[in-house]
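Participant: Build me a model:
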Amino acid sequence: MPEISGSLHVFVAFDWGEEIRLDQAARLVPAAPQELARRRRTPSSFSYRPSPLYLPLPALALDLPELGKVEASAALTLFDFAAVSLALQVPFKLAPEGLLRLAGSLADPADCLQKARGHLEGLHRQLLPAIGEPSWQDDMSEEYFVFQLPPGQVNLATDASWLAGLVHLETASLSQAEIAEALRLQISYSPDDVFIPDWAGAVLIDRDCDETLQAVAFANLQLLEFRNIDNRLDQSLASASRMIAPLTRSALPFWRSHARPMRALGELKVEAMALFERTGNALKLVGDPYLARVYRLLATRFHLETWEENIKGKLDVAESVYQVVTDQAGQFRAEFLEVVVVILILIEIILAFRH
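Facilitator: Down below sits the predicted model:
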């Protein structure tokens, strides 16, 4: 196979807090609402709601194996639920073996993530007034790599092993079963294009494909938000358990304070459901357009349905804990009122004897 030319697209998603007030953010930085790139096959029903902000950034210097020092074009998309997606693009022209080695090096993205975060720190400080409850955790990010190749350079049948290595970010030889699994999910719109996604990376053989890349970026961002919701539910439920445990050991039921754990659990449920709905509804896929199928392939690879089920399960647990605490509070209030009534009766009897 001769040298392969194309572009490496790197998508890095971060979570910056509870929400971004997009109207205020647009006054702080030179960003503009982003509409989905579309061509004839893309219906008008495929759109962001509400539209995120798009901000071109200075190029980011990267040092990549096989390519050396390169300048990656950069742009940032900001969503109202405080998730941001950094898109980097690096052109390449490499021998197939060199491109495979480049893919293998991306299996450890620590250096790329560090540089991506550093590239956004100044912008993050600028936007802090527009971010509700800002929080940028070091370990909360998601990255995804797409190798975009023009049609005509790769044969899906004869180059299957090589393509599987690219999407797996794997330089070692793969078994036939693993090759089949890596290439199992793919979709084509025309005879010349194909999209093959895997967990860590994808191959996109296409020329005019901005809308496909945006769908990839959004699916990667949604995976990050599901992870974020899941982590926060774990932390909040653990915190709620620590608050509730002392209540069961108190010797004086009517002195127990239930308001704080009940309020914390109630806020947890509302916050998690709101974030879950806003993330899921930011991208409306109506009918069965090509991009909806692209998104479903990515959702399958990212196991988004499993994440959604886990989150809903934990929300049910939170609801159960909330109900237990509510029932306990009602029981404790009833006990307290019974004690008060008994004391009042005793006082009345004592007063009656005295008079």
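Participant: so after the helix or strand of the chain with the lowest mean pLDDT, what's the next helix or strand?
Facilitator: Ranked by mean pLDDT, DSSP states H and E, the helix or strand of the chain with the weakest confidence is strand 283-284, at a mean of 59. Next along the chain after strand 283-284, taking DSSP states H and E as the criterion, comes helix 290-302.
Participant: now for that next one, which elements pack on it?
Facilitator: strand 194-197, helix 210-249 (3 or more CB pairs under 8 Å, 6 or more residues apart in numbering; DSSP states H and E). To be clear about C-beta, it is placed using only N, CA and C from the backbone, and glycine gets the same treatment.
Participant: of those, which approaches Pro109 most closely?
Facilitator: Comparison of those against Pro109 by CB to CB identifies helix 210-249 as nearest, at 12.4 Å.
Participant: in that closest one, what counts as buried?
Facilitator: Neighbour counts over helix 210-249 (16 or more other CB atoms under 10 Å) mark 211-229, 232-233, 236-237, 240, 243-244, 247 as buried.
Participant: Rounded mean pLDDT for that helix, please.
Facilitator: Helix 210-249 comes out with an average pLDDT of 80.
Participant: Parallel or antiparallel, which strands does whatever helix or strand Ala74 lives in pair with?
Facilitator: Assigned by DSSP H and E, Ala74 belongs to strand 68-78. Under the criterion DSSP bridges, strand 68-78 sits next to strand 53-64 (antiparallel), strand 83-94 (antiparallel) in its sheet.
Participant: Please produce TSV containing those, extended by mean neighbour count.
Facilitator: Below are the strands paired with strand 68-78 laid out as TSV (neighbours: other CB atoms under 10 Å):
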stretch	mean neighbour count
strand 53-64	16
strand 83-94	20
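Participant: As CSV, these with distance to Pro191 and mean pLDDT would be great.
Facilitator: CSV is the format used below for those (distance: least, CB to CB, whole Å; pLDDT from 0 to 100):
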stretch, distance to Pro191, mean pLDDT
strand 53-64, 32, 96
strand 83-94, 25, 97
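Participant: Next, format the ones you listed as CSV and append distance to Leu344.
Facilitator: Output for the strands paired with strand 68-78, formatted as CSV (distance: least, CB to CB, whole Å):
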stretch, distance to Leu344
strand 53-64, 63
strand 83-94, 57
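Participant: Mind checking those strands for the one nearest to Ala334?
Facilitator: Among the strands paired with strand 68-78, strand 83-94 comes nearest to Ala334, with 45.3 Å by CB to CB.
Participant: mind checking how far the closest one is from the chain centre?
Facilitator: 18 Å (CA atoms, centre = their mean, to the nearest Å).
Participant: From the recorded domain assignment, give the ranges for this structure.
Facilitator: What automatic domain parsing lists as the domains of the chain is 4-218, 223-354.
Participant: and the end-to-end length of the longest one?
Facilitator: What that stands for is domain 4-218. 27 Å (CA to CA, to the nearest Å).
Participant: And the shortest one, by the same measure?
Facilitator: Using CA to CA, one end of domain 223-354 lies 74 Å from the other.
Participant: could the helices and strands packed on helix 290-302 be laid out in a markdown table, adding distance to Gly98?
Facilitator: As requested, the helices and strands packed on helix 290-302 are exported to a markdown table (distance: least, CB to CB, whole Å):
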| stretch | distance to Gly98 |
| --- | --- |
| strand 194-197 | 20 |
| helix 210-249 | 23 |
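Participant: Quick check: which of those is nearest to Ala116?
Facilitator: It's helix 210-249; of the helices and strands packed on helix 290-302, that one is closest to Ala116 (CB to CB) at 12.8 Å.
Participant: Which neighbouring elements make contact with the closest one?
Facilitator: By 3+ CB pairs under 8 Å, 6+ apart, helix 210-249 packs against strand 4-15, strand 83-94, strand 141-149, strand 201-205, helix 259-281, strand 283-284, helix 290-302, helix 304-354.
Participant: Export the ones you listed as CSV, with columns for distance to Ser135.
Facilitator: Shown next, in CSV, are the helices and strands packed on helix 210-249 (distance: least, CB to CB, whole Å):
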stretch, distance to Ser135
strand 4-15, 8
strand 83-94, 12
strand 141-149, 13
strand 201-205, 28
helix 259-281, 13
strand 283-284, 23
helix 290-302, 23
helix 304-354, 19
